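>>> Quick one: sequence plus predicted model below, questions after.
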Amino acid sequence: MTALPFLLLIAAVMAGYVINRMAAGAIRDRGDRLHSLIGYHGMFSALLILVPVLTFILLWLVLQGPVIDRMVMGGLPDGALDDLDSGATQLVLAEIKSLANGRVFGTPEDWKIAAGERFVQLSNQAAWLLAIAVAVLAVGLLAFARSRVAAEFRARQGVEGIVSGLMIFCSTVAIFTTIGIIVSLTYETIRFLEAVPLTDFLFGTNWEPQIPLREDQVAAEGAFGWLPVIVGTIVITIVALLVAVPIGLFSAIYLNEFAPRRLRSAVKPVLEILAGVPTVVYGFFAILVVAPAIRSFGQSIGIDVAPNTALAAGGVMGIMLIPFISSFADDALSAVPRALRDGALGLGSTRGEMMTTVLFPAALPGIVGGVLLAVSRAIGETMIVVMAAGLIAKMTFNPLDSVTTVTVQIVTLLIGDTSFDNPKTLAAFALGMMLFIVTLIINIFALRIVRKYREAYD
């Protein structure tokens, strides 16, 4: 039943487009001069139906669940929910929904079976009401759009106004989403700092996020110094960039300027296939191939290497990042005006000199953008680090040792049933806030570099 409103919406949009287009075409065929093309008249009708009706459907679906839940729970027999806290009440509602979906466990009470039947009844009624409301609304908007068709009607401005409103709405949603993320991180971080001193968190060299389960439990007070975690993140990111940046840039330069056309057409798609490989596959490759190879080589030359190392995780992560840097660098080099290339070559520069002194500096803003994307991807990567680098936080810059990253610790702290009332869980938000600040600093630094060189080569 959920698909029926969307099918009605699609039918109404297509009908509105065709009807208005045909009506505008009829006016044109009579010899009247239309202000806008007939396609704009059809598009105006389609957008006028699509945007309001789709918004109505989404709001209905969002509010339908809570309203039905409240009606079902409000219709339960007296005393059914007495002495039950919020968690137990939610379990009762979940059991009623399971019964409504046909999943019966054990022998439920009769009132729960009745509540499940009522849930199904209300859901079906809501679905039919939604379909009827969509049909009525779509027909009304279709009739209004048809009435607007006239020779002097500015359909193009109408279409542009609707599209502009959509873009403004999307931009507003993005802004408020960012604000919501910052506010939530800040609020939970403040709660964390009420339990853990700021100096201990910023300058502590030990990360053991534990909490005592009993009052007499020893060695379970926890240590929340984030320096070992950020150090591990930096080490793995540096190793990844040392692998990805040179290979990505050199491959982009070669494919863009020096490679034959046949070789470029064959190598570039193969190189970009790496971007579509799931990160768990890279993790398997790191733990099954790269890590044992590094450990065997280290033993052969007398160096002690941990089973899980930052070098293995960072190296494989660097391979994963090569397509990002290569693609961005290639696009940036291709976007440089041809006049700069021809001017440098006409003045007697070799292709290598032209690349290093003219083309590469002019494309630097795009290249920095690709490297920045690679840095963000490296900082946010989790699966490869979990499988190849480990979970233990160590205050070490040795790439041959086991380390962990901020994102891995966030995932570890929030796995399973969590209650957001203890420092162990709230530490994940504090780490998220620090990661947000670090990423923001990197973005500001990269933006300044881009602006500096963009002004020089405009």
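Now that the structure is in, tell me what you want to look at. Numbers count the residues shown, from 1 in each chain.
>>> Give me the residues contacting stretch 202-212.
Residues from elsewhere that reach stretch 202-212 (Cβ atoms under 8 Å, 6 or more residues apart in numbering): 220-229, 393, 395, 409, 413, 422-424, 427. In short, each C-beta sits where N, CA and C put it, glycine included.
>>> Apply 6 Å and report the result again.
Contacts with stretch 202-212, where a contact means Cβ atoms under 6 Å, 6 or more residues apart in numbering, come from Ala220, Gly222, Ala223, Gly225, Leu227, Pro228, Val229, Ala393, Met395, Asn422, Lys424, Ala427.
>>> got those residues as JSON lines, with secondary structure columns?
Shown next, in JSON lines, are the contacts of stretch 202-212 (DSSP: H, G, I helix; E, B strand; the rest coil):
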{"residue": "Ala220", "secondary structure": "coil"}
{"residue": "Gly222", "secondary structure": "coil"}
{"residue": "Ala223", "secondary structure": "strand"}
{"residue": "Gly225", "secondary structure": "coil"}
{"residue": "Leu227", "secondary structure": "helix"}
{"residue": "Pro228", "secondary structure": "helix"}
{"residue": "Val229", "secondary structure": "helix"}
{"residue": "Ala393", "secondary structure": "coil"}
{"residue": "Met395", "secondary structure": "coil"}
{"residue": "Asn422", "secondary structure": "coil"}
{"residue": "Lys424", "secondary structure": "helix"}
{"residue": "Ala427", "secondary structure": "helix"}
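>>> So of those, which two are at opposite extremes in space?
Met395 and Asn422 (24.4 Å; Cβ to Cβ).
>>> Can you list the low-confidence ranges for the stretch 151-300 of the chain?
Within the stretch 151-300 of the chain, the stretches with pLDDT under 70 are 210-222.
>>> Please compute how far the longest helix seen in the chain lies from its chain's middle.
Ranked by number of residues, the top helix in the chain under DSSP state H is helix 155-195. In terms of Cα atoms, centre = their mean, to the nearest Å, the centre of helix 155-195 is found 14 Å from the chain centre.
>>> tell me which strands and helices it is in contact with?
Helix 155-195 sits against helix 38-74, helix 423-456, with contacts defined as 3 or more Cβ pairs under 6 Å, 6 or more residues apart in numbering; DSSP states H and E.
>>> Show me which positions of the very next helix or strand once past it end up buried.
Toward the C-terminus, helix 155-195 is succeeded by helix 198-203 as the next helix or strand (DSSP states H and E). Of the residues in helix 198-203, those buried by neighbour count under the rule 16 or more other Cβ atoms under 10 Å are Phe201.
>>> Quick check: what element follows helix 198-203 along the chain?
Downstream of helix 198-203, the first helix or strand assigned by DSSP H and E is strand 207-208.
>>> Could you list the paired strands of that next one along with their orientation?
Sheet pairing for strand 207-208, assigned by DSSP bridges, gives strand 223-224 (antiparallel).
>>> hang on, the earlier thing: between the helices and strands packed on helix 155-195, which gets nearest to Phe258?
Among the helices and strands packed on helix 155-195, the nearest to Phe258 by Cβ to Cβ is helix 423-456 (23.3 Å).
>>> could you give the mean pLDDT of the closest one?
Averaging pLDDT along helix 423-456 gives 79.
>>> That helix to helix 155-195, inter-axis angle?
Interaxial angle, helix 423-456 versus helix 155-195 (axes from the mean of the first three to the mean of the last three Cα atoms, to 10 degrees): 130 degrees.
>>> For helix 423-456, buried residues please.
The neighbour-count check on helix 423-456 (16+ other Cβ under 10 Å) flags 423-435, 446, 450, 453 as buried.
>>> Check stretch 98-116 too.
Applying 16+ other Cβ under 10 Å to stretch 98-116 flags Leu99, Ala100, Lys112, Ala115, Gly116 as buried.
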